[in-house]
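Participant: Compute the structure for the input listed below.
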Amino acid sequence: MLSDLFLMPFGAWLARPGPGKSKAPVLVKQLGERDRRRILRHFLALDASDRLLRFGNVLSDDLITAYVAKIDFSNDTVYGVVNRVFKLVAVGHLAFGPKDQLVPGKVSTDKERVAEFGVSVSRSARGLGIGSKMFERAAIHCRNSDVDALTIHCLSSNQVMMHIAKKAGMLIERDRGEAEAWLRLPPPNSASVMQEAIEEQVASLDYTFKANRRAAVKWFELSR
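Facilitator: Numbering: from 1, shown residues only. Next up, the predicted model:
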């Protein structure tokens, strides 16, 4: 079958698993305006419990639609991970704001902006380290954008975000079922700039490959 020719993602060619390794590389791509509909479909597919963990409330479809419509891609940075059939299975939102939104005494900065990170991962893609990888991309982007204060705000019951925060060595404070985490980032260097550029390029190639593969499979199925 022709579609079998399009099963291996581009990332697997760059990092084929060796002995004892089974997980494919997590390729995180920066998303843009053309991905807004795909982002909306991802959020609308979250069930009530997942919406609660991601947004702190069980948002209705209308509120989620309004939230996605207000994402400012010119100011914030949105990341995504697509699976082998070009479905968006994870979205990370890195929102930038003025430094006065920081809680005094927790983490300080001389920069004009700070960043807050939030992520959601579809149930079908959990346990693959996607959330942690997206946080790493967000942290590197902050460094390279001259932002050295990164925060996470979520429910204390959000085990995924708590795991990410602890793994990153963030300062965590819990209060009345909610948690706030802060991280002071080092300044950028040539290695951080190169890492972000290479990871984005590889993820973009993989994204384009999967998009073209899906189009080719659809064309083949329609032409039979």
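
Participant: From residue 117, how far out is residue 139?
Facilitator: Residue 139 sits 8 Å away from residue 117, going by C-beta to C-beta, to the nearest Å. (Glycine included, C-beta is placed from N, CA and C.)

Participant: residues shared between the contacts of those two?
Facilitator: Between them, residue 139 and residue 117 share the neighbouring residues residue 150, with contact defined by C-beta atoms under 8 Å, 6 or more residues apart in numbering.

Participant: quick one, which of the two is more surrounded?
Facilitator: residue 117 (28 against 20; other C-beta atoms under 10 Å).

Participant: element containing that one, please.
Facilitator: For residue 117, the element it lies in under DSSP states H and E is strand 113-121.

Participant: max-length helix in the protein?
Facilitator: Of all the elements of type helix in the chain, the one with the most residues (DSSP state H) is helix 190-223.

Participant: helix or strand right after the strand holding residue 117?
Facilitator: Sequence order places helix 130-144 as the next helix or strand after strand 113-121, per DSSP H and E.

Participant: related to what we said a few turns ago, helix 130-144 and the strand holding residue 117, what's the angle between them?
Facilitator: 160 degrees (axes from the mean of the first three to the mean of the last three C-alpha atoms, to 10 degrees).

Participant: What residues of strand 113-121 count as buried?
Facilitator: Residues 113, 114, 115, 116, 117, 118, 119, 120, 121 are the ones in strand 113-121 that count as buried (16 or more other C-beta atoms under 10 Å).

Participant: Same check on stretch 131-147?
Facilitator: So stretch 131-147, judged by 16+ other C-beta under 10 Å, has buried residues 131-145, 147.

Participant: Check which helices and strands the strand ranked longest in the chain is in contact with.
Facilitator: Among all segments of the chain classified by DSSP state E, the strand with the greatest residue count is strand 88-98. On a contact count with 3 or more C-beta pairs under 8 Å, 6 or more residues apart in numbering; DSSP states H and E, strand 88-98 meets helix 36-44, strand 77-82, strand 113-121, helix 130-144.

Participant: and those as CSV, adding mean pLDDT and distance to residue 184?
Facilitator: As requested, the helices and strands packed on strand 88-98 are arranged in CSV below (pLDDT from 0 to 100; distance: least, C-beta to C-beta, whole Å):
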stretch, mean pLDDT, distance to residue 184
helix 36-44, 97, 29
strand 77-82, 97, 19
strand 113-121, 95, 10
helix 130-144, 96, 11
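
Participant: Of these, which is nearest residue 205?
Facilitator: Distances from residue 205 to each of the helices and strands packed on strand 88-98 were compared by C-beta to C-beta, and the smallest falls on strand 77-82, at 12.3 Å.
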